[in-house]
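1. sequence plus predicted model, see below.
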Protein chains: 2
Amino acid sequence: MCRTNVSTVVPPRHPTRLDGHQIQHDDARRVGVLHGPKGSSSARDNTSSKARHDSICFPYSEIGGAPALIVSPHHPRFLSLATRERLEKAMRAGIVVPQGLIAHGRGEAFDYILGEETLPAASAATSAAAALLLTAKHPVVSVNGNTAALAGREIVNLSLAISAPIEVNLFHRTRRRERLIAAYLKRLGSEEVLGIGEAASNAIRGIASQRRRTDPRGIGQADVVLIPLEDGDRAEALSRDGKKVIAIDLNPLSRTSRAASVSIVDNVIRAIPALTDAYNKMKKMPRDRLERLASEFDNQRNLAKAIQEMIQYLRGWA
Amino acid sequence: MCRTNVSTVVPPRHPTRLDGHQIQHDDARRVGVLHGPKGSSSARDNTSSKARHDSICFPYSEIGGAPALIVSPHHPRFLSLATRERLEKAMRAGIVVPQGLIAHGRGEAFDYILGEETLPAASAATSAAAALLLTAKHPVVSVNGNTAALAGREIVNLSLAISAPIEVNLFHRTRRRERLIAAYLKRLGSEEVLGIGEAASNAIRGIASQRRRTDPRGIGQADVVLIPLEDGDRAEALSRDGKKVIAIDLNPLSRTSRAASVSIVDNVIRAIPALTDAYNKMKKMPRDRLERLASEFDNQRNLAKAIQEMIQYLRGWA
Ligand SMILES: CC(C)(COP(=O)(O)O)[C@@H](O)C(=O)OP(=O)(O)OC[C@H]1O[C@@H](n2cnc3c(N)ncnc32)[C@H](O)[C@@H]1O
Ligand SMILES: CC(C)(COP(=O)(O)O)[C@@H](O)C(=O)OP(=O)(O)OC[C@H]1O[C@@H](n2cnc3c(N)ncnc32)[C@H](O)[C@@H]1O
């Protein structure tokens, strides 16, 4: 990916403290692409040296003592690079695990071949997800390290908008990380965060290790669970437990995407605010219409549509 | 991705010390897939609980104090998980940068949609690359953190087989990392490693920062440069400098892939040994045939073929 080094440093648009580390909270729902497919007319095609040598910049990764590269916001990959930077800092702060960086890279690649935008299959899934949440008795929002770092503020806004509690649910579970993430979400405005320490006294059947633990006031009693970036085992176990699962996962082939009732194949950064918007817009719909929307949604067919969208994008290159 | 936790720990097959960290050097050229596309008849489809709960295992990531998960070698994603583990350890050892984990994740996703195997387009590029190396005056193998960690031994074997020096060339350049990587490659059998410290006294035109530096005895005088996992700026600058560039990059859409003379769209873990094999097999070919092979290779057309192969794989799922 192209990077460049220029001079001045721009202050983050919505600076948020992340355990002593400065994390950039731009509310970008769209991340630029390096260059577009053949025939693409978008500005994304443009890796002009102007864009790459502009003067309002952020320092790009001071890694292992290597001098920081400074990247211009006009750089076609500015938002993508800023997001990487944010995750790296969140790793240093203990919120994101190293495996979370690898997971992010996987997400990035799938996002490339979606053209890094919210396509029709994701929008359809978002409507079905909003319908599920609007008709749920006990909806719960599950949060892990990557989701907190990438979309902490947006997750808190969603939780408040839909009156669903947030539960921290980690793949690599430690007390320290649970507490760090809960504290971070509270600083972003969450009133309560479930699933911390002893509070996670329930267990999901069919899962070994600490990953099975859930909060009886949260996922334990939930009928609908939103799981961004979940691993396949847990997604499958939650479904087997009779819960409706809404996944957000850029990989339409993952077991999580396959196991969920509704899979939103989109970047969590774009998907969470889109879900909040859809929820707010659909609030006044009659209940029977919402129920029909949710029950008529065919997840496997919609995943096939998401894969078709990726094929479409790749075709533009071949 | 599915993971499981079982009991015993298996010793690495070819243990190598990596700056005090134990890194597994399996010579796997193939990494299993989670589950195959529709109609796939391969064993890869099989995420049986037998496979997931077997008893010969390796400890999977003791991350941020989280208890290690133990993964069976019969686990369908064993090799992929072991590779992640290896990169993580290499990051702790200072060889791989955090951004390298994100880059690896991107590679993983593109590898998924290749079915995690070496497909015809990659094999065609490998033959052209071997022909270029066989007819080169000064071939050089460029190595960064990820390549050293993922295929250090294989890179050293290639360098010896083709009598081309290794030059360390880092995106995130520090003296410490250069030296760590050089020492690691020397432990794996490399006689000399170029590009370290003051030795990198040349500069590639059109590149700012430390990334422009090259060794006059290596890339400085090279006519053919092998660059696994290179960034786009440097790949383009090397080409502009009149060098023939052989890229190994799982992303067929990257600027590196586009800028190279020959792009091998394959995992560096499989591509390096395949290139060594091709070189050895083609050694006796007459020079004019090798020259024709190299000059007739159409990289853009072959990249389109690699993209078609990805589309083919995705179609199996849609
Ligand atoms: C993400 C990770 C490391 C979190 O660990 P922890 O914080 O301990 O709970 C853990 O849950 C994990 O390893 O998950 P998986 O790698 O199995 O699955 C992550 C999925 O999310 C996808 N993904 C990555 N980044 C994004 C993203 N930004 N938006 C949506 N999906 C994403 C990625 O393609 C992959 O399919
Ligand atoms: C890889 C990285 C971090 C190395 O840094 P350093 O060690 O400081 O030189 C740096 O060169 C970088 O950021 O590169 P890019 O991210 O621009 O490009 C890496 C490319 O390699 C691809 N890739 C990742 N893993 C593999 C892999 N295992 N085999 C082949 N290609 C791979 C990935 O898809 C991406 O297109």
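-> Cool, got the structure. Quantities reported herein were computed from a predicted structural model and do not represent experimental measurements. Residues are numbered from 1 along each chain as shown, chains lettered A, B, ... in the order given. Ligands and ions are numbered 1, 2, ... in the order given.
2. separation between A:Gln221 and A:Ile181?
-> From A:Gln221 across to A:Ile181, the span is 21 Å (CB to CB, to the nearest Å). For every residue, glycine as well, the C-beta is placed using N, CA and C.
3. these two: which has the busier surroundings?
-> Counting neighbours by other CB atoms under 10 Å in any protein chain shown for A:Gln221 and for A:Ile181 shows that A:Ile181 has the greater number, 29 against 14.
4. near ligand 1, which residues of chain A show up?
-> Proximity of chain A to ligand 1, by CB under 6 Å from any ligand atom, involves residues A:97, A:99-100, A:103-104, A:106-107, A:110, A:144-146, A:150, A:170-172, A:229, A:231, A:248-251, A:254, A:267-269.
5. dump the helix or strand that contains A:Ala82 to PDB, restricted to CA.
-> Secondary structure assigned from DSSP states H and E places A:Ala82 in helix A:78-92. C-alpha atoms of helix A:78-92 as PDB (Å, rounded to 0.1, in the frame of the first residue of the first chain):
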ATOM      1  CA  PHE A  78      -5.700   7.900   4.600                       C
ATOM      2  CA  LEU A  79      -8.700   6.400   6.400                       C
ATOM      3  CA  SER A  80      -7.500   2.900   6.000                       C
ATOM      4  CA  LEU A  81      -4.000   3.800   7.300                       C
ATOM      5  CA  ALA A  82      -5.600   5.800  10.200                       C
ATOM      6  CA  THR A  83      -7.700   2.700  11.100                       C
ATOM      7  CA  ARG A  84      -4.600   0.500  11.200                       C
ATOM      8  CA  GLU A  85      -2.900   3.000  13.300                       C
ATOM      9  CA  ARG A  86      -5.800   3.100  15.700                       C
ATOM     10  CA  LEU A  87      -5.800  -0.700  16.100                       C
ATOM     11  CA  GLU A  88      -2.100  -0.800  16.700                       C
ATOM     12  CA  LYS A  89      -2.400   1.800  19.500                       C
ATOM     13  CA  ALA A  90      -5.300  -0.200  20.900                       C
ATOM     14  CA  MET A  91      -3.100  -3.200  20.900                       C
ATOM     15  CA  ARG A  92      -0.400  -1.300  22.800                       C
END
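6. and that helix with chain B, contact?
-> Yes. Judged by CB under 8 Å from any CB of the partner chain, helix A:78-92 and chain B are in contact via A:Arg84, A:Leu87, A:Glu88, A:Met91.
7. filter those residues down to the buried ones, PyMOL style.
-> Of the residues of helix A:78-92 next to chain B, the buried ones can be selected in PyMOL as follows, counting by 16 or more other CB atoms under 10 Å in any protein chain shown:
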select buried, chain A and resi 84+87+88+91
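8. number of nearby residues for whichever residue of chain A sits closest to ligand 1?
-> Closest to ligand 1 within chain A is A:Gly107: 2.3 Å, counting by CB to the nearest ligand atom. When neighbours are counted by other CB under 10 Å, A:Gly107 registers 24.
9. so what's it closest to, chain neighbours aside?
-> Residue nearest to A:Gly107 in three dimensions, not counting chain neighbours: A:Leu250, with 4.4 Å by CB to CB, 6 or more residues apart in numbering or on different chains.
10. picking up where we left off before, next, the contact list for the residue of chain A closest to ligand 1, please.
-> Contacts for A:Gly107 (CB atoms under 8 Å, 6 or more residues apart in numbering or on different chains) come out as A:Leu229, A:Leu250, A:Asn251, A:Asn267, B:Gly105, B:Ala109.
11. again, only using 10 Å
-> A:83, A:146, A:150, A:229, A:249-251, A:267-269, B:102, B:105-106, B:109 (CB atoms under 10 Å, 6 or more residues apart in numbering or on different chains).
12. which helix or strand contains it?
-> When elements are assigned from DSSP H and E, A:Gly107 belongs to helix A:98-112.
13. that helix vs ligand 2: in contact?
-> No. Helix A:98-112 lies out of reach of ligand 2 by CB under 6 Å from any ligand atom, never closer than 6.5 Å.
14. after that helix, next one along is what?
-> Taking DSSP H and E, what comes next after helix A:98-112 is helix A:120-135.
15. the stretch of helix or strand A:Gly152 belongs to: what's the following helix or strand?
-> Assigned by DSSP H and E, A:Gly152 belongs to helix A:145-161. Using DSSP H and E, the helix or strand that follows helix A:145-161 in sequence is strand A:166-168.
16. list the neighbouring strands of that next one plus their orientation.
-> The strands beside strand A:166-168 in its sheet (DSSP bridges) come out as strand A:139-143 (parallel), strand A:193-194 (parallel).
17. rewinding a little: briefly note if the helix holding A:Gly152 comes near chain B.
-> Yes. Using CB under 10 Å from any CB of the partner chain, helix A:145-161 reaches chain B at A:Gly145.
18. any idea of the mean pLDDT for that helix?
-> Mean per-residue pLDDT for helix A:145-161: 98.
19. again with stretch A:268-288
-> On average, stretch A:268-288 scores 98.
20. for stretch A:132-141, same thing?
-> Mean per-residue pLDDT for stretch A:132-141: 98.
21. right, and A:Ala109 touches A:Leu314 too?
-> No. A:Ala109 is beyond contact range of A:Leu314, at 11.8 Å (criterion: CB atoms under 10 Å).
22. more neighbours: which of these two?
-> When neighbours are counted by other CB under 10 Å, A:Ala109 and A:Leu314 differ, and A:Ala109 comes out ahead with 24 against 20.
23. give me the nearest residue to that one, chain neighbours excluded.
-> B:Ala109 (3.4 Å).
24. confidence score at that neighbour?
-> The model's pLDDT for B:Ala109 equals 97.
25. same check, this time on the one 3 residues further on
-> At B:Tyr112, the model reports a pLDDT of 93.
26. next: A:Asp249.
-> On the pLDDT scale, A:Asp249 gets 98.
27. list phi and psi for it.
-> phi -150, psi 120 (degrees, to the nearest 10).
28. state the distance from it to A:Pro98.
-> Computed with CB to CB, the distance linking A:Asp249 and A:Pro98 is 20 Å.
29. cool, and A:Ile113?
-> According to CB to CB, A:Ile113 and A:Pro98 sit 25 Å apart.
30. likewise A:Asp223?
-> Going from A:Asp223 to A:Pro98 by CB to CB gives 34 Å.
31. now A:His104
-> 11 Å.
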